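Student: model this:
(chains A, B and C)
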Amino acid sequence: MHLLVCGGTGCRSAESDAIVDSLNKAIADRGLENDAKVVMTGCFGFCEKGPIVKVLPDNTFYTQVTPADAEEIVAEHIYKGRRVNRLLYINPESQEHVEDSKHMGFYRKQIRIALRNCGFIDPENIEEYIARDGYSALGKVLTEMTPEEAIQSIIKSGLRGRGGGGFPTGLKWDITRKVAAEKKYVVCNADEGDPGAFMDRSILEGDPHSVIEAMAINGYCTGASYGLVYIRAEYPLAINRLKTAIGQAREYGLLGNGILGTDFSFDIELRYGAGAFVCGEETALIHSMEGMRGEPTFKPPFPSESGYLGYPTNVNNVETYANIPVIITKGPEWFASIGTEKSKGTKVFALAGKINNVGLIEVPMGTTLREVIYEIGGGIKDGKNFKAVQTGGPSGGCLTTKHLDTPIDYDNLLAAGSMMGSGGMIVMDEDDCMVSIAKFYLEFTVEESCGKCTPCRVGNKRLHEILEKITRGEGTMKDLEKLRNLGQVIKDTALCGLGQTSPNPVLSNLDNFWDEFVEHVTEKKCRAGQCKHLLRYVIEPDACVGCTACARNCPVNAITGERKKAHEINQEICIKCGACVEKCKFNAIFVR
Amino acid sequence: MTKIKSLADLRRVKDDLQEKIRLRENADNPEKLVQIKVGMATSGIASGAKEVMSYLIEELDKRNVEAVVSQTGDMGYCYAEPTIEVILPGKEPVVFGKVTLKKADEIIEKYIKNGELVDGIIPRNYETIE
Amino acid sequence: MELIKLTIDKKPVEVEKGTTILQAARKIGIDIPTLCYFSLGDMKIENKPGGCRVCVVEVEGRRNLAPACATECAPGMVVRTNTIKVLNARRTVVELILSDHPFDCLVCAKSGNCELQDLAHRLGIREISYQGAQSHYRKDTSPAIIRDVDKCVMCRRCEMMCNKVQSVGALSAINRGFEAVVAPAFEMDLEKSVCTYCGQCVAVCPTGALTEVDHTRQLIAALADPTKTVVVQTAPAVRAALGEEFGMQPGTLVTGKMAAALRELGFDYVFDTDFAADLTIMEEGTELLGRLSKHLAGDKDVRLPILTSCCPGWVNFFEHNFPELSDVPSTARSPQQMFGAIAKTYFAGKIGVDRKDLVVVSIMPCLAKKYEAQRPEFATNGNPDVDFSVSTRELAALIKEANIDFNTLAEEDFDNPLGESTGAAVIFGTTGGVIEAAVRTAYEVHTGKKLEKVDFAELRGLDGIRQATIDFNGLPINIGIAHGLGNARQLLNDVRDGKSQFHAIEIMACPGGCIGGGGQPLHHGNSAILKARQAAIYREDSCKPIRKSHENPYITTLYEEFLGKPLSEKAHHLLHTHYFDKSTQIEIE
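Tutor: Below you'll find the predicted structure:
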């Protein structure tokens, strides 16, 4: 039996190292070393209930395991063959234990290509990667294909950049290939910056070799012998696994000079970013790698023509790379058979927010939002109503119930006023205020803008200020008009892709939740009850018995009234702390 | 580890290494394989389920049958221990009772290899026995 | 060259490949407004970060608007510069910039000469729709330059000048987002940074974010003090640019009007820095010949080339960056300081005034001169040789404030003895001039022959680095010239690495030399203005009756009466200096 223990950052912070130790100890105590093997893998994706321990071959899926549970898992499951029921996942709808990951809704709709090895192999052991057909794509390309042929395969597969823009990957490679230069670079963009996004981290932690192999393939195709991974320094585990993997690949002769007996040489180095969101933009990323201020420059020239140190540079994101080896081994037709007409393959999403199954998922392009939210995500938390789902992070927008049956792909999301982005997917329920949501994303953009161009530096600050004003209850209809005009101008005039998309959260919310904005400014009302300034605490005179409990507990003495007579809250003084509601034994105080 | 010097080299290494994770590969695609679950609750162990399970693992391997043998808890057929459930690819599960080593041999040869029915099938009166 | 056809505002235009939309539009009379864009095109100085987004235009088939300054023309491109979409975007962008800009135009040093103000005026902006918080930074005052970066619009011109052109690296963008601004590293004081006070940042700043320290109030107070005798000296480049401030054509020489205006302002003696420039040639030229003959005699302790030392920005630069070469530059003080030293000794003695009652003021095209005047080594018992230095711009403001109609002034002469100068001194105002003046004198002193042709065309021009070999009667003298500190650094690196083949190198910190100084009227990126000023300088030289420094009769008298001979002990004491290692002075608090 194999016991797979999740070694992703999240589960490791919840002691999965100690779980591995305890499992090994319990196994040794019973002399079961020959029967059971413990493997620490990358992320399983089901982060909501981590740490995860998966027992094979029966696919038993233990959730929220602690080191103390290890003894019982070994004693019961390994030794006696009885599942430890209390650690099994409970289906939120049926409230029944689910014993087998194959029967979990979370996994049923998923197809794992980019994440194929995450949660399956030991990422620190190159042999497990090779056993899974690893590096055979590189071998195939180097010995059986010309760069042009390999690029044709990528083009034919229909793979598009997974970092957000969705540019056809093969085409990008071809442009770099065609530029004549004495030196070229391939770069892996691992500067994942969207709030809540962690797919690139998970891939690097769970399957670093797939990225290394793909970069080498990219190097062969474009004519580059240097690879650079630009990774944020806040990803220590991913950095370590990547370093280990690069070391092993060199040891096995899969990086370095004359790879697999051919005359192709390729090696990879790491470059660390300080985690500036803007450095996800490829020109800013390159400047940062060059030791300069991480800010974008005008394109053209594109990095494919003049990039790192002025040399042609092909930049792709982690997830894009992770798809490459499989496309080569299984063929472009196989890849192109998955997905929609213009978006092929799968997409990894970080599912978060008001949803039951928070975690990392990979679904075929064309899966509907409904399937993702209700089948994989297990529906909205606490039985609340779905309100919106935000995709594309600070560059994207919110989609509503009317988009629930829209198949997810690049073009449909754009048409719906959002975008694919790098794969953040945040679910919102009826308690979420859409003005505040727009404000939240703007806050992020304001914080992360590099400050180079006026529209992003000042424009987004002003957008944020107007939203702030609206949530304070001081907004006017004129302000809504300003939001639209300013948002449009920023979209039209900002320098880089990040700036141009930064007003999307505001513009899409204006489109989809216009009534809610209008309510905020005309009725001074926040239907979700999130905008504190718009709340009114009111005492219902008929229900109030005049016990004075509220008045005595009001920290600002906003409540007056005679004993045994109905009390009243002075709205001018009230700070909306809610203390009175808690103290009222007669349910006489309401929030409106 | 020495360097892998060619694609052929890589393929050889892969074949050697694949064995180490075969268990995982098979578990990930159970529907393509013969799946056998052995009831291993206390009563099952007492009636010889452990021996049956070891026998099945060894013999299936010897006879080149790609199968996943796993243990499961009490199947609820205490009267017929030891019990095993066999799922052939694409078929409904079938449960056999009172499985001895000899019976196991018969199940492998007749049911698993050729799909012929064998005595001792317990009627299916459950939703799932997992 | 590949030609590209496109239309801009329905007008067809044909341009060379690589031309930007902005350039193409200007070619056919369509003036797209810009803010961050800056170019001294033929001097290879250009700033186009594409950051302000004022120059956006509509390009058919493009999703968003394109910055005209950075977008290259493509065949068949259809460009519109004035659609409602463009006009709305441009106005919004300018309003955004204004919304984060102090509203103190009325009292801003740049008022009336501010590119942002012009832009707001041109677009007819009457209200700012998007008001909100403004970013605030501390005001930083150094001996020469004031940074009031609340007024910074992030055009990055100063950063480009400081880094790409000057290779100084004192200013760069810091912080992110709304707080982003150009500042010294770690927001340290400019004074503590590697700043050379060359003032090129001030020369290109479109707004009032970078300005010079104002010394005009002190000047007015000194002029009004009856106990003080106030003496003024004017640098050569001032006379070729001052007229621009009064609406005259660039390149108009206003030497006589300037002397008249200074006298009207109340200076007791109106002298000329050019006199001290002639004196500089005597000292520096003699030093050059001394080092040269020792070198030719095989003395290994003598280092060549000799570097000119009259530019204070350049002196600051090598003190910061090449302290190990401190024995290479000439020890001769700059003309400003030579003038001050002579005025407060020789001249003070002549008129019987104590040095503490003699105020020496300099009018300079330069901001580094403000700092140079404050250097402690140029003071005697705390009394500086030059009390303070005001820029060409400050003088113009002062003349206007004093109700002097500059245009109608009758021309006047400088006073004597410190007002007489030669053509050799005048050309100190442009790149190549100091070394040409030195050659004129050194040739005659070294060869003992009369120089028939005093114009050395091979030393003139505006190329960043120039070199020429001058025949000193059979002895070839290799001359190098650099202007702009980035160019200077290249020559200096060679000197440091022992690869330099030059006997003498002239270096000026500012592109163009003093005519392009940080204290000059703003050229707003028009290189024709610099060329006109340079031409004016050479014109003044060619009109002078005496064109070699050693022939200046008042210089001869000065040596006879006071100094003895060049490099005498007295000359050393008053006219030479030494340099400091400033490379380790940067402290981060």
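
Student: element containing the closest residue to A:G396 other than its chain neighbours?
Tutor: Spatially, and ignoring its direct neighbours in sequence, A:G396 is nearest to A:S418 (4.3 Å; C-beta to C-beta, 6 or more residues apart in numbering or on different chains). In short, each C-beta sits where N, CA and C put it, glycine included. Per DSSP states H and E, A:S418 falls between elements, in no helix or strand.

Student: Run through the residues that contact A:S418.
Tutor: Contact analysis of A:S418 by C-beta atoms under 8 Å, 6 or more residues apart in numbering or on different chains lists A:390-392, A:396-399, A:504, A:508.

Student: Which of these sits closest to A:G561?
Tutor: Using C-beta to C-beta, A:C398 is the member of the contacts of A:S418 that lies nearest A:G561, at 42.8 Å.

Student: Neighbours of the nearest residue to that closest one once chain neighbours are set aside, how many?
Tutor: Nearest non-adjacent residue to A:C398, counting by C-beta to C-beta, 6+ apart: A:A388, 4.2 Å away. Neighbour count of A:A388, defined by other C-beta atoms under 10 Å in any protein chain shown: 23.

Student: and chain B, which of its residues are near chain C?
Tutor: By the rule C-beta under 8 Å from any C-beta of the partner chain, no part of chain B lies against chain C.

Student: Can you pull out the low-pLDDT segments for chain B?
Tutor: Scanning chain B for pLDDT under 70 picks out B:1-2, B:30-31, B:40-47, B:73-80, B:123-130.

Student: mind running it again at 50?
Tutor: Within chain B, the stretches with pLDDT under 50 are B:126-130.

Student: Do you have the strands of it handy? List them.
Tutor: B:34-39, B:67-72, B:84-87, B:94-96, B:121-122 (DSSP state E).

Student: For the fourth one, which helices and strands make contact with it?
Tutor: Just to be clear, that refers to strand B:94-96. strand B:84-87, strand B:121-122 (3 or more C-beta pairs under 8 Å, 6 or more residues apart in numbering or on different chains; DSSP states H and E).

Student: Isn't A:G219 up against A:I212?
Tutor: No: if you go by C-beta atoms under 8 Å, A:G219 and A:I212 don't touch, sitting 10.6 Å apart.

Student: Of these two, which one has the most company?
Tutor: A:I212 (31 against 26).

Student: Could you confirm that one falls within a helix?
Tutor: Yes: the assignment for A:I212 is a helix, going by DSSP: H, G, I helix; E, B strand; the rest coil.

Student: Just the pLDDT at it, thanks.
Tutor: Note on A:I212: pLDDT of 97.

Student: I'd say it and A:T244 touch.
Tutor: No: counting by C-beta under 8 Å, A:I212 does not reach A:T244; the two are 10.8 Å apart.

Student: Contact partners for the residue lying closest to B:K113 once chain neighbours are set aside?
Tutor: Ranked by C-beta to C-beta, 6+ apart and with sequence neighbours excluded, the top spatial neighbour of B:K113 is B:V65, at 7.0 Å. The contact partners of B:V65, taken as C-beta under 8 Å, 6+ apart, are B:34, B:108, B:112-113.

Student: and the most centrally placed residue in chain A, helix, strand or coil?
Tutor: Centroid-nearest residue in chain A: A:A197, 2.4 Å away (criterion: C-alpha atoms, centre = their mean). Assigned by three-state DSSP, the conformation of A:A197 is coil.

Student: Nearest residue to it in space, please, no chain neighbours.
Tutor: A:G424 (4.4 Å).

Student: ok, how many other residues are close to the one you found?
Tutor: A:G424, neighbours per other C-beta under 10 Å, totals 24.

Student: Who does it form a beta bridge with?
Tutor: Assessed by DSSP bridges, A:G424 has beta-bridge partners A:A350.

Student: tell me the contacts of it?
Tutor: Per C-beta under 8 Å, 6+ apart, neighbours of A:G424: A:194-197, A:349-350, A:352, A:390-393, A:396.

Student: again, 7 Å this time
Tutor: Contacts for A:G424 (C-beta atoms under 7 Å, 6 or more residues apart in numbering or on different chains) come out as A:194-197, A:350, A:391, A:393.

Student: What about the closest residue to C:L190 other than its chain neighbours, how many residues nearby?
Tutor: Nearest residue to C:L190, sequence neighbours excluded (C-beta to C-beta, 6+ apart): C:S142, at 4.2 Å. Number of residues near C:S142 (other C-beta under 10 Å) recorded here: 19.
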